[in-house]
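**Student:** only geometry, no sequence info:
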């Protein structure tokens with residue numbers, strides 16, 4: 001399956017749109033065409049200036065690229081629905097799709113893919129667990145996990161920041177946060193690869209039956225953990241929610257708990273948690289003066305963190321489905337159409353962020369960046385991501401103050417239909 005095939009869907013209309021700079025029906029638009037998204041931002045600049053809303057026949061989606069239009073879509077959950085699991089499922093063969101629709105991960109009400117009223121019922125209790133105050137209370141535990149990971153970085157230089165530090169940090173912190181047994185780490189990560197592959201990746205056809213089996217095994221495993229937590233509560237999100245349910249302060253079925261842990265926590269948490277460390281390190285080390293400035297003055301962290309995600313965030317965009325006929329930037333879009341709202345393009349919109357390709361933590365409007373989305377589906381883990389990045393950078397700066405990027409390296413990216421996650425980043429000390 002090609003990157004393009006992995007993102008297509010049969011949902012929505014396929015209109016003929018003329019005058020697009022990417023050729024008839026947007027056929028020339030392909031952010032995956034060059035390795036490492038080499039011309040991604042040039043394509044976005046072309047779209048913003050010449051055709052900010054156009055239909056892509058290869059992707060069978062409407063592409064929206066300007067900041068104001070993307071923001072409007074993110075904040076209007078009624079007309080632009082996040083119920084897009086059918087988009088993902090449509091990419092797979094019938095037998096795989098049939099297996100997945102029987103799972104809670106792909107069928108139960110879920111924070112990421114459902115709107116009101118289910119979303120509000122599910123999000124409220126979990127939001128408290130991921131709040132700023134909760135992350136402050138949990139920081140010592142996160143620091144302890146990350147310190148142990150730091151001590152396991154192999155001797156010698158250079159080393160791969162992803163493999164040696166960011167990836168193990170992310171998986172261990174997220175597994176601990178969920179309340180899953182740390183001794184099950186390898187098993188959980190095998191399951192995670194399957195769920196992540198179906199939602200974000202591009203799994204080869206011959207791997208898909210095994211991945212579908214892993215999703216089913218993950219759900220059986222999580223059902224067992226939930227039962228254990230009912231009788232013997234432990235620290236973590238699962239026991240926290242079970243306690244609220246028992247008190248009548250939350251309304252979660254077991255199917256919804258499984259979907260929450262499977263997708264919202266494991267699939268949507270592990271890779272982004274590692275990415276924020278790698279992304280910030282890469283941005284700071286491109287000009288070591290930035291690294292040295294944050295090391296000398298930790299109060300500069302927040303602005304550097306926000307600018308790093310604005311300049312090179314994790315996702316190309318978000319998928320939405322129109323629930324009625326709509327108009328975006330004067331372009332009519334029919335009900336039932338799929339929209340790819342390009343957050344990474346919006347964060348490069350010159351009208352909002354002058355000289356968008358420049359890493360400039362002194363920007364005064366970084367709070368308006370869309371890297372954590374906006375509206376109903378604002379990222380639940382934003383405080384967690386910030387805590388992981390801040391602690392990770394602090395530990396790296398203490399242990400390796402002279403850290404530098406290996407020059408002239410080619411950064412490879414994980415196969416994905418919508419994410420830009422470096423598969424490795426070489427640094428030297």
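**Tutor:** Great, that's in hand. Treat the numbers as computed from the prediction; the structure is a model and nothing was measured.
**Student:** Grab the longest helix from this structure for me.
**Tutor:** Identified as the longest helix of the chain according to DSSP state H is helix 208-231.
**Student:** So which bits of it are buried?
**Tutor:** For helix 208-231, a neighbour-count test (16 or more other C-beta atoms under 10 Å) marks 208, 211-212, 214-216, 218-219, 221-222, 225-226, 229 as buried. Every C-beta, even on glycine, is put in place using the N, C-alpha and C of the backbone.
**Student:** Make CSV out of those and add distance to residue 287 and pLDDT.
**Tutor:** CSV is the format used below for the buried residues of helix 208-231 (distance: C-beta to C-beta, whole Å; pLDDT from 0 to 100):
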residue, distance to residue 287, pLDDT
208, 43, 97
211, 41, 97
212, 45, 97
214, 42, 98
215, 43, 98
216, 48, 98
218, 42, 98
219, 46, 98
221, 45, 98
222, 44, 98
225, 45, 98
226, 48, 98
229, 47, 98
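**Student:** possible to save these as a markdown table with distance to residue 397?
**Tutor:** Supplementary listing: the buried residues of helix 208-231 in a markdown table, determined by distance: C-beta to C-beta, whole Å:
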| residue | distance to residue 397 |
| --- | --- |
| 208 | 42 |
| 211 | 38 |
| 212 | 43 |
| 214 | 38 |
| 215 | 39 |
| 216 | 43 |
| 218 | 36 |
| 219 | 40 |
| 221 | 38 |
| 222 | 37 |
| 225 | 36 |
| 226 | 39 |
| 229 | 37 |
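**Student:** closest to residue 117 among the residues you listed?
**Tutor:** Within the set of these, residue 226 lies nearest residue 117; the separation is 23.7 Å, counting by C-beta to C-beta.
**Student:** ok now do the closest one, which residues does it touch?
**Tutor:** Residue 226 sits next to 238, 242, 254, 257-258 when contact means C-beta atoms under 8 Å, 6 or more residues apart in numbering.
**Student:** Out of these, which comes closest to residue 23?
**Tutor:** Nearest to residue 23 out of those is residue 258 (C-beta to C-beta; 44.3 Å).
**Student:** So for the helix or strand hosting that closest one, mean pLDDT?
**Tutor:** For residue 258, the host element (DSSP states H and E) is helix 254-259. Per-region confidence: helix 254-259 scores 98 on mean pLDDT.
**Student:** Tell me which residues are up against that helix.
**Tutor:** Counting contacts by C-beta under 8 Å, 6+ apart, the residues touching helix 254-259 from outside are 104-105, 107-110, 122, 219, 222-223, 226, 238, 241-242.
**Student:** swap the cut-off to 6 Å and go again
**Tutor:** By C-beta atoms under 6 Å, 6 or more residues apart in numbering, the residues outside helix 254-259 that reach it are 104-105, 108-110, 219, 222, 226.
**Student:** going on from that helix, what's the next piece of helix or strand?
**Tutor:** Next along the chain from helix 254-259, counting by DSSP H and E, comes helix 270-286.
**Student:** Now do the very next helix or strand once past that following helix against helix 270-286, angle only.
**Tutor:** Using DSSP H and E, the helix or strand that follows helix 270-286 towards the C-terminus is helix 288-296. Angle, helix 288-296 to helix 270-286, by axes from the mean of the first three to the mean of the last three C-alpha atoms, to 10 degrees: 110 degrees.
**Student:** Mind giving me the packing neighbours of helix 288-296?
**Tutor:** On a contact count with 3 or more C-beta pairs under 6 Å, 6 or more residues apart in numbering; DSSP states H and E, helix 288-296 meets helix 270-286.
**Student:** Tell me which other helices or strands the helix it packs on touches.
**Tutor:** Taking 3+ C-beta pairs under 6 Å, 6+ apart as contact, the helices and strands that helix 270-286 lies on are helix 167-178, helix 288-296, helix 301-311, helix 382-399.
**Student:** Rebuild the ones you listed as TSV, extending it with mean pLDDT, mean neighbour count and distance to residue 24.
**Tutor:** Formatted as TSV, these follow (pLDDT from 0 to 100; neighbours: other C-beta atoms under 10 Å; distance: least, C-beta to C-beta, whole Å):
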stretch	mean pLDDT	mean neighbour count	distance to residue 24
helix 167-178	98	23	42
helix 288-296	97	16	44
helix 301-311	98	21	33
helix 382-399	97	21	40
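**Student:** Please dump those into JSON lines; it should also carry distance to residue 97 for every row.
**Tutor:** Compiled in JSON lines, those are given as follows (distance: least, C-beta to C-beta, whole Å):
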{"stretch": "helix 167-178", "distance to residue 97": "27"}
{"stretch": "helix 288-296", "distance to residue 97": "46"}
{"stretch": "helix 301-311", "distance to residue 97": "33"}
{"stretch": "helix 382-399", "distance to residue 97": "32"}
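**Student:** nearest to residue 71, of the ones you listed?
**Tutor:** helix 301-311 (13.6 Å).
**Student:** Just checking: what are the partner strands of the helix or strand that the closest one is followed by?
**Tutor:** Using DSSP H and E, the helix or strand that follows helix 301-311 in sequence is strand 318-322. Strand partners for strand 318-322, identified by DSSP bridges, are recorded as strand 80-81 (antiparallel), strand 338-341 (antiparallel).
**Student:** So which of these is the most surrounded?
**Tutor:** strand 338-341 (a mean of 26; mean count of other C-beta atoms under 10 Å).
**Student:** So what's the model's average confidence on it?
**Tutor:** So the average pLDDT for strand 338-341 ends up being 97.
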